[in-house]
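# Mind folding the following:
(2 chains)
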Amino acid sequence: MAKPDLMRLLSIAGLLAIWWLAATVADSRLLPGPGAVASVMWSEAASGRLGLHLTATLLRVAAGFVLAFFIGTAIGIAMGRTKWFDRWFDPWLVILLNMPALVTIILAYVWFGLIEVAAIAAVALNKVPNVVVTVREGVRTLDQGYFRLAEIYRLSPATRLRRIVLPQLYPYLMATTRSGLALIWKIVLVVELLGRSNGVGFQLQIYFQLFDVAGILAYAVAFIVVVQVIELGVLRPIDRRLERWR
Amino acid sequence: MTSLSLHIRTKNFPGHDGEAAQNILSDLKFEVGNAEFVCLVGPSGCGKTTLLNIIAGVDLEYDGTCERTGNRLGFVFQEPRLLPWLTVRENIELVLDQTGDADTANVAGNLLATMDLTSVEQAYPRRLSLGMGRRVSLARALAVDPVLLLLDEPFVSLDKPTAERLRGVLLDSWRAREVSVLMVTHDLDEALQLADRIVFLSQQPTHAMLEWSVPTPRANAATVDQMRRNLLDQHPELLSGQGAGGGAGAIEPG
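As a prediction, the model looks like this:
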């Protein structure tokens, strides 16, 4: 996607128009229009609050994500390659996958206190099962022919991982990264709402108590923008680089 | 001196769900001399891939002996089996990582030049033609400077002129090096054109039913018919299924 997609831009403009129209008709403090939300965003940004809370949230997202990604990938590879390991841990996986995020968060806070470590552990624990399932799926589709090649030419374990395993897993790792970012930042907001004193979730809590819908939307929109910037500025370039051979 | 000395007493596949184990290879014995070109010709399903796995040292579950001189081994698979996410050059350098040769770039570069692949060295395998892919696969096998080169029906499913050209490339590479070649094929004509010696394999459980030294000069497209007829007149038992040999033969009709 080298040039901006006209259809996409029009579509977003259409959504904004509907929003603006609804706000104009409703004419209520509870449904502010795009302009009102933008001006709240601007003042929050100018005061430095927006940046502060966004940064706090993003750091939690990053920490939770990195933790979940590496633990989940390691377990996923092990489960994909070792039968008894898979059979033993699969029921645990099913239970964890169906555990409501909120329960994990509450338990983490109850057991470890309202501390940062508990918050990040709760976030990671919610995401690990998804990573495991996706990576395990990827490992099961690995082409055995390439392993035979590696065996015959006696490639080192590091070369096998870097040249043979990871390139094949890469679509799965990217998929889990994308779904991970989408899931994790939502969980982080809940974690912040329940037991942190900064971050977007904490701000939403305050604006909720004040019934300040413009404030709530300002933070939500800001975060959506940040996530899109990560998608376009980080994930897409990685995609392009790794997909060259296709 | 031999590059490979093989004697497999038995090789079984374990039976699944209570079925009896399947005897794949039985008392299979042959040698490959230094710088000799040997073709294995056998009916389909005679355990050729299993046999190559044993020789390559990947399959260790058999009863018998397999002695190889040196451990540098080149292997050409039936399909090129190039890593699609690596360029042609990277595919060749991949196997050089393990040889301990410091100058991988140079080795790969020279090989690409001799194999006439310099123009595609930065290309990804999916852009290569079938014949070009096989050529890269052969170059990769030669990159490790093998003592023994194993080929598993490397020219199957290629059109005739391309296969012919690649056979020429293989013969040239073989002549230019001190390498022993063991090539599996089910195409008798191909074996007659390439090999010093042909080992004919029986149907399962597989053993070597005949070893035949190919007369020199080697057959070419014009003389291969005559050579094949002479061989089959002498050894009608090689024909499988039908004809005077009746049954155990290495060569499928047609």
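# what separates the spatially most central residue of chain A from chain B, distance-wise?
Nearest to the mean C-alpha position of chain A, by Cα atoms, centre = their mean, lies residue A:181 at 1.2 Å. Going from residue A:181 to chain B by Cβ to the nearest Cβ, to the nearest Å gives 24 Å. Using the backbone N, CA and C atoms, a C-beta is placed for each residue, glycine as well.
# Next: residue A:33.
Distance from residue A:33 to chain B, by Cβ to the nearest Cβ: 49 Å.
# Now that residue, what are its backbone angles?
The phi and psi values for residue A:33, taken as degrees, to the nearest 10, are phi -80, psi 180.
# doesn't residue A:26 make contact with it?
No. In this structure residue A:33 lies outside contact range of residue A:26 using Cβ atoms under 8 Å: 9.1 Å.
# and residue B:32, what element?
In this structure, residue B:32 sits in strand B:22-33 according to DSSP states H and E.
# what's the answer for residue A:177, then?
Judged by DSSP H and E, residue A:177 forms part of helix A:166-195.
# Which SSE is immediately downstream of that helix?
helix A:200-209.
# angle of that next one against helix A:166-195?
Put simply, helix A:200-209 runs at 40 degrees to helix A:166-195, going by axes from the mean of the first three to the mean of the last three Cα atoms, to 10 degrees.
# Could you list the buried residues of helix A:200-209?
A:200-205, A:207 (16 or more other Cβ atoms under 10 Å in any protein chain shown).
# for the residues you listed, which one is nearest chain B?
residue A:200 (38.1 Å; Cβ to the nearest Cβ).
# quick revisit: between residue A:33 and residue A:26, which one's more packed in?
Using other Cβ atoms under 10 Å in any protein chain shown, the more surrounded residue of residue A:33 and residue A:26 is residue A:33, with 18 against 12.
# Let me see the confidence value for the more buried one.
Residue A:33 is assigned a pLDDT of 92 by the prediction.
# Angles on the backbone of the residue nearest to it when sequence neighbours are not counted, please.
Among residues not flanking residue A:33 along the chain, residue A:23 sits closest, at 3.5 Å (Cβ to Cβ, 6 or more residues apart in numbering or on different chains). With angles defined as degrees, to the nearest 10, residue A:23 sits at phi -60, psi -40.
# Check the burial of residue A:23 by counting its neighbours.
Neighbours around residue A:23, by other Cβ under 10 Å: 18.
# Ok, residue B:161 next?
9.
# Now the strand or helix carrying it: buried residues?
Residue B:161 is located in helix B:160-176, with elements delineated by DSSP H and E. For helix B:160-176, burial by neighbour count (16+ other Cβ under 10 Å) applies to B:162-163, B:166-167, B:169-170, B:173-174.
# can you put these in CSV and add distance to chain A?
Putting the buried residues of helix B:160-176 into CSV (distance: Cβ to the nearest Cβ, whole Å) gives the following:
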residue, distance to chain A
B:162, 22
B:163, 22
B:166, 20
B:167, 23
B:169, 21
B:170, 18
B:173, 18
B:174, 19
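# Run the chain-centre distance for the helix or strand encompassing residue B:89.
Per DSSP H and E, residue B:89 falls inside helix B:88-96. Its chain's C-alpha centre and that of helix B:88-96 lie 21 Å apart, by Cα atoms, centre = their mean, to the nearest Å.
# repeat for stretch A:46-65
With Cα atoms, centre = their mean, you get 14 Å for stretch A:46-65.
# now stretch A:130-147
Counting by Cα atoms, centre = their mean, stretch A:130-147 is centred 21 Å from the centre of its parent chain.
# That stretch near chain B anywhere?
Yes. Stretch A:130-147 reaches chain B (Cβ under 8 Å from any Cβ of the partner chain) through A:145-146.
# Pull out the buried residues from that stretch.
Buried, per 16+ other Cβ under 10 Å, within stretch A:130-147: A:130-136, A:138-139, A:142, A:146.
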